[in-house]
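1. This is a predicted model, with the sequence first.
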Amino acid sequence: MLLKKELMLGGLGLSFCLVGIPSAAKAQTVVHTVSDTTFAVAPTSAHTAEATVEELTNLEPAQLTSVMDQSAVNQPADLEVAQARRRTRNASRSKDFIGVGADFGYADDVSFAVISKLSINESVAVRPSVLIGDDFSVLVPVTYEFSQLSAEVNDFQVRPYAGVGAAYSDDDEGEDFNLLLTAGVDVPISQRFTLNAQANLGVLNDTDFGVTVGIGYNFDSIFR
């Protein structure tokens, strides 16, 4: 009987080590369901895994079996919670990117577009783009990402943003500079790639409007 109890305590100790004994309060919850009178752990930081195992020696083998069963049940849940938190943190990190796409309307009916995003901090980014069609345009907006308005659509996170900047155009009538108003969304589709759609309105000297759609290759920010 004593050997069986020692083996069970050894297995329970290994189980606690694998989970990491996240808090004394959790140990109290598990053991309290087994026995209100034989075993209890006060929810203080002074209790360690060693103290917990020492008090477990007062339990009967049947009670230790219940504790070990409960610990085995809790381990997958703990791992799932940790993985979910890690996915949330990763999802909340906005990546920079450079990519290609097409613009409809700003420099031509349809023009080739080079798009990019360079973050200054978690919310503010510079998004230079070059449009090549019958006309040539360079758009440089500074945008703010509205993370509080982000939403999930079919397991993809949609991140809206808006901003202002400057636009340069070279067409048959000559060179032109405009105030640029921009709004769009980023949709990360993997760790490597982000879909982007952006509406651009040039005002001041001329009125130009177009929508750019493209895909960017993600990379870590060089400014933060």
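-> Arrived safely, thanks for sending.

2. lowest average confidence, helix or strand, in this structure?
-> helix 24-32 (a mean of 44; mean pLDDT, DSSP states H and E).

3. tell me which residues form a beta bridge with the spatially closest residue to residue 145 that is not a sequence neighbour?
-> Once flanking residues are discounted, residue 145 sits nearest to residue 161: 4.4 Å by C-beta to C-beta, 6 or more residues apart in numbering. For every residue, glycine as well, the C-beta is placed using N, CA and C. Note on residue 161: beta-bridge partners residue 145, residue 184, judged by DSSP bridges.

4. Quick check: residue 161 vs residue 108, distance?
-> From residue 161 over to residue 108 the distance is 25 Å, taken as C-beta to C-beta, to the nearest Å.

5. Compare the two (neighbour count), which wins?
-> Shown here are residue 161 and residue 108; by other C-beta atoms under 10 Å, residue 161 has more neighbours (24 against 18).

6. pretty sure the more buried one is touching residue 196, no?
-> No: assessed by C-beta atoms under 8 Å, residue 161 is found out of contact with residue 196, at 9.8 Å.

7. can you pull out the helices in the protein?
-> Counting by DSSP state H, the chain has helices at residues 2-19, 24-32, 49-56, 61-92.

8. and the shortest one, what's its mean pLDDT?
-> Looking at helix 49-56 alone, the average pLDDT works out to 56.

9. Over to the first one?
-> For helix 2-19, mean pLDDT rounds to 47.

10. same question, the last one
-> For helix 61-92, the mean pLDDT works out to 57.

11. who's in contact with the closest residue to residue 210 other than its chain neighbours?
-> Nearest non-adjacent residue to residue 210, counting by C-beta to C-beta, 6+ apart: residue 106, 2.6 Å away. Residues near residue 106 by C-beta atoms under 8 Å, 6 or more residues apart in numbering: 131, 137, 139, 200, 202, 208-210, 212.
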